[in-house]
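A.B. asks: Need coordinates for the following:
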Amino acid sequence: MFKKLLIIFALFAVNIVYAGSYEDALQKKGKVFLYFYTPQCRTCKNFDTIFNSLKKQIPDYEFVRVNAETPYGMNLFLSFKGRYVPLIILTDAKTKKSVNINHTCVMDEVCLARAMKSFKG
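C.D. replies: Residues are numbered from 1 along each chain as shown. Sure thing, here's the model as predicted:
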C-alpha cells in the first residue's frame, strides 16, 4: 500500500518534460517563428491574419502558434521571459540564438517580414 502511494505521489510531483510543437519545428527547418497568444487576447485575434500571411510569404521558417495558458505554453513562454501576448520570438536551431520581436513591430507585417529576413541567428 505504501509503495503504491509513493509511486502515485512521484508521478504527480515530477514535472514531466516532453517535446512539443516548438521542439518539433526546430528539428524540421531550423528557423522558427514562435507566436505566443491567449484565447481572450483581442490583439492576438487581429494578429492571426498577419501570422497566416507571413506563413505563405516566408517558407524558410516553421511557424508555431502556442497558447501561453496551457502548461506547455506557460513553461515555454516563461523560458523566453515572456511578459505579454502576443509575443513573437525568432529562433535558429543551428546557432541556438533567438530574438524577441519588439511589440511595436508585431502588428506591422512589413516590419515583421524585414526582421525575419534579417535574422541571421
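
A.B. asks: Could you report the neighbour count for residue 111?
C.D. replies: Using other CB atoms under 10 Å, residue 111 has 14 neighbouring residues. C-beta: built from backbone N, CA, C; applies to glycine.

A.B. asks: Then residue 110?
C.D. replies: Per other CB under 10 Å, the neighbour tally for residue 110 reads 8.

A.B. asks: so who does the most centrally placed residue in the chain touch?
C.D. replies: Closest residue to the average C-alpha location of the chain: residue 34 at 3.6 Å, with CA atoms, centre = their mean. Taking CB atoms under 8 Å, 6 or more residues apart in numbering, we find residue 34 in contact with 22, 25, 64, 66, 76, 80, 88-91.

A.B. asks: is it true that residue 44 touches residue 85?
C.D. replies: Yes. Look at residue 44 against residue 85 with CB atoms under 8 Å: they come within range, at 5.8 Å.

A.B. asks: Residue 88: which element?
C.D. replies: strand 87-92 (DSSP states H and E).

A.B. asks: Just the residues contacting that strand, thanks.
C.D. replies: Counting by CB under 8 Å, 6+ apart, residues outside strand 87-92 touching it are 26, 30-36, 61, 68, 77, 80, 97-101, 106, 112, 115-116, 119-121.

A.B. asks: List the buried residues of whichever helix or strand comes after it.
C.D. replies: Scanning forward in sequence from strand 87-92 by DSSP H and E, the next helix or strand is strand 97-100. Across strand 97-100, burial judged by 16 or more other CB atoms under 10 Å covers residue 99.
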